[in-house]
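S.K.: I would like to see how this sequence folds:
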Amino acid sequence: MSRIGRKEIIIPENIEVIINVPEILVKGKRGELSYSISELIEVETKNKILKLTKKNTTQKAQAIHGLSRSIINNMIQGVSKGFEKKLIIQGVGYRSQMEGRNLILNMGYSHPVKIKPPEDINIKVENSTSIFISGINKERVGQIAATIRSVRPPEPYKGKGIRYENENVKRKIGKAGK
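M.R.: I've put the predicted structure just below:
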């Protein structure tokens with residue numbers, strides 16, 4: 001039984017949810033997002049409370065029930081508050097900068113790495129070692145953050161590279177001397 005799928009979603013006052021089966025559209029002050037609901041899930045709304053129910057009890061319906069609820073909840077949070085990820089660059093000579101909307105990373109390679117974000121994602125660089133990624137779509141914000149991190153993931157010996165703000169990198173002990 002999906003515990004997440006059974007939870008009700010409370011819709012804030014400034015958010016508008018339009019259900020046109022199989023599409024659900026969420027509009028808010030930051031923008032609008034849409035999601036295509038599976039035919040195994042039924043969506044009903046009653047005075048600012050959204051509830052998802054399964055049409056049958058198959059394993060696929062179980063899985064999609066919780067997933068759909070999480071995605072719709074993230075859409076509502078995204079158009080009301082938005083999502084943000086922070087990346088920190090560690091290492092001598094590693095830095096980042098903005099060139100228009102593009103992010104330029106100098107990470108010790110022979111060339112600078114250029115990352116072009118999608119239209120709905122904002123990237124901000126602070127003091128060349130902190131990168132802020134924000135947007136209304138949680139999946140896209142996380143994916144762009146993961147793409148930037150993959151340019152130079154933190155290594156275990158000195159901890160150099162790009163890491164998430166609260167990421168804990170397990171450090172290894174180097175060579176033992178004689």
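
S.K.: who does the longest strand seen in the chain pair up with?
M.R.: Longest strand in the chain by number of residues, with DSSP state E as the criterion: strand 83-90. As defined by DSSP bridges, the strand partners of strand 83-90 come to strand 130-135 (antiparallel), strand 161-164 (antiparallel).

S.K.: now for the longest helix seen in the chain, which elements pack on it?
M.R.: Secondary structure of the chain per DSSP state H: the longest helix is helix 59-80. Applying 3 or more Cβ pairs under 8 Å, 6 or more residues apart in numbering; DSSP states H and E, one finds that helix 59-80 contacts helix 3-6, strand 9-10, strand 23-28, strand 31-36, strand 41-46, strand 49-54, helix 138-149. C-beta coordinates here come from the backbone N, C-alpha and C atoms, glycine included.

S.K.: I'd like the strands paired with strand 83-90 laid out as CSV, including mean neighbour count, mean pLDDT and distance to Ile10.
M.R.: Formatted as CSV, the strands paired with strand 83-90 follow (neighbours: other Cβ atoms under 10 Å; pLDDT from 0 to 100; distance: least, Cβ to Cβ, whole Å):
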stretch, mean neighbour count, mean pLDDT, distance to Ile10
strand 130-135, 20, 95, 23
strand 161-164, 20, 94, 29
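
S.K.: Quick one: closest of those strands to Arg6.
M.R.: strand 130-135 (28.8 Å; Cβ to Cβ).

S.K.: quick one: low-confidence parts of the protein?
M.R.: For the chain, applying pLDDT under 70 flags the ranges 1-2, 178.

S.K.: separation between Thr57 and Gly108?
M.R.: Distance from Thr57 to Gly108, counting by Cβ to Cβ, to the nearest Å: 54 Å.

S.K.: Of those two, which one has the most company?
M.R.: Taking neighbours as other Cβ atoms under 10 Å, Thr57 and Gly108 compare with Gly108 leading, 12 against 9.

S.K.: quick one: that one and Ile89 touch, right?
M.R.: No: assessed by Cβ atoms under 8 Å, Gly108 is found out of contact with Ile89, at 10.8 Å.

S.K.: what's around the closest residue to Ser38 other than its chain neighbours, how many residues?
M.R.: Distances taken as Cβ to Cβ, 6 or more residues apart in numbering place Ile64 nearest to Ser38, at 4.8 Å, with adjacent residues excluded. Neighbour count of Ile64, defined by other Cβ under 10 Å: 21.

S.K.: residues contacting Ile64?
M.R.: Contacts for Ile64 (Cβ atoms under 8 Å, 6 or more residues apart in numbering) come out as Ser38, Leu40, Ile41.

S.K.: how about CSV for the helices and strands packed on helix 59-80, with distance to Ile123 added?
M.R.: Shown next, in CSV, are the helices and strands packed on helix 59-80 (distance: least, Cβ to Cβ, whole Å):
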stretch, distance to Ile123
helix 3-6, 31
strand 9-10, 29
strand 23-28, 22
strand 31-36, 17
strand 41-46, 34
strand 49-54, 32
helix 138-149, 8
